[in-house]
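Asks: okay, structure incoming, though there's no sequence with it:
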Ligand SMILES: C[C@](O)(CO)[C@H](O)COP(=O)(O)OP(=O)(O)OC[C@H]1O[C@@H](n2ccc(N)nc2=O)[C@H](O)[C@@H]1O
Ligand SMILES: Nc1ncnc2c1ncn2[C@@H]1O[C@H](COP(=O)(O)OP(=O)(O)OP(=O)(O)O)[C@@H](O)[C@H]1O
């Protein structure tokens, strides 16, 4: 059984305070985008995890897919599986790729072994693997608060626009990015700001990670500025970076950005 695990972008991101558990409270809008990893689970004699495609830094035994399998195995009598991952979503990019793999594997195991888990139960498992992970269970645009894993449905549809992702050759660690941040107290909640016309997002939506991440990696800000010069209606870093996305009114080609970055069109 296999699944196509998609990435996400953050439409606005406010870091609103530090929590007693060391995490931060945030508010953001998660929006799914069309760039995919492939996650497969096959019957096997022993548990393993095979990774192809983009190399994942660190130890293969630490892959979040194995963590997701072990989490369910604690509560269910799962037989050994060969977990196969074709990695395509850029890593250290703020696109939630690892979280997506884990969430989609939870959904696959639930279907394959008829575990009868509800969406809420699967979200509760996913929450234990990472703040971004639970979003990918429902995988529809949501307003998120708390650690980024408490959701309110939101109606937002960007399908009439042309979305572009630009991934520079920079890996931003999420933990480091949170370390470098100053919490803010937004006057207006993103829940309201997101309903402004798209033409007003540039002046009103912000990602609180941009200030500190742009200071450390000025090339990311250069990309954002270049996207606006190329006609983007709205452009922003996603999550803790390093990826920058842009929303255009119609199809574009960005050869200058392609020279030094990975550019994904119509995501
Ligand atoms: C930046 C975002 O991508 C925005 O969607 C997410 O908040 C990050 O979520 P994630 O990658 O799933 O994060 P986790 O794997 O849970 O946590 C990695 C590290 O980021 C920090 N972290 C993460 C989420 C959060 N709300 N506050 C935090 O302070 C913590 O130091 C944590 O040890
Ligand atoms: N299946 C996986 N895919 C990607 N990274 C993984 C995976 N399993 C474990 N990791 C570890 O997680 C780290 C970053 O994961 P990921 O790509 O989700 O982060 P990101 O792009 O910063 O996204 P976000 O911070 O929005 O979750 C990697 O450096 C890697 O060591």
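Replies: That came in fine, so what should we check first? Being a predicted model, the structure only gives us computed values, none of them experimental. Ligands and ions are numbered 1, 2, ... in the order given.
Asks: ok, now which ones touch residue 207?
Replies: Residue 207 makes contacts with 10, 12, 13, 236, 237, 238, 239, as judged by Cβ atoms under 8 Å, 6 or more residues apart in numbering. Where you see a C-beta, it was placed from the backbone N, CA and C, and this is true even at glycine.
Asks: may I have the beta-bridge partners of the fifth one?
Replies: Counting by DSSP bridges, residue 237 is bridged to residue 244.
Asks: now whichever residue of the stretch 51-200 of the chain sits closest to ligand 2, nearest residue through space, not along the chain?
Replies: For the stretch 51-200 of the chain, the residue closest to ligand 2 is residue 98, as judged by Cβ to the nearest ligand atom, at 3.1 Å. With Cβ to Cβ, 6 or more residues apart in numbering as the criterion, residue 98 has its nearest non-adjacent residue at 4.6 Å, and that residue is residue 64.
Asks: for the one you found, give its distance to residue 262.
Replies: As judged by Cβ to Cβ, to the nearest Å, residue 64 and residue 262 stand 22 Å apart.
Asks: between the two, who's got more neighbours?
Replies: residue 64 (21 against 14; other Cβ atoms under 10 Å).
Asks: the strands in the chain, which residues?
Replies: For the chain, the strands defined by DSSP state E cover 2-18, 24-43, 48-53, 81-87, 142-145, 150-153, 162-167, 234-237, 244-248, 262-265.
Asks: for those strands, give me a markdown table that also has distance to residue 215 and mean pLDDT.
Replies: Shown next, in a markdown table, are these (distance: least, Cβ to Cβ, whole Å; pLDDT from 0 to 100):
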| stretch | distance to residue 215 | mean pLDDT |
| --- | --- | --- |
| strand 2-18 | 16 | 97 |
| strand 24-43 | 19 | 98 |
| strand 48-53 | 32 | 96 |
| strand 81-87 | 30 | 98 |
| strand 142-145 | 26 | 98 |
| strand 150-153 | 30 | 96 |
| strand 162-167 | 19 | 98 |
| strand 234-237 | 12 | 98 |
| strand 244-248 | 15 | 98 |
| strand 262-265 | 23 | 98 |
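Asks: which of these sits closest to ligand 1?
Replies: Nearest to ligand 1, of these and by Cβ to the nearest ligand atom, is strand 24-43 at 3.7 Å.
Asks: for residue 37, what are its contacts?
Replies: 4, 5, 53, 85, 86, 87, 88, 89, 97, 100, 101.
Asks: what sits against the residue of the chain most remote from its centre?
Replies: Ranked by distance from the centre of the chain (Cα atoms, centre = their mean), the top residue is residue 45, with 32.7 Å. Listed by Cβ under 8 Å, 6+ apart, the contact partners of residue 45 are residue 80.
Asks: need phi/psi at it.
Replies: In terms of degrees, to the nearest 10, the main-chain angles of residue 45 are phi -80, psi -30.
Asks: look up how far residue 158 lies from it.
Replies: Taking Cβ to Cβ, one finds residue 45 at 45 Å from residue 158.
Asks: cool, thanks, talk later.
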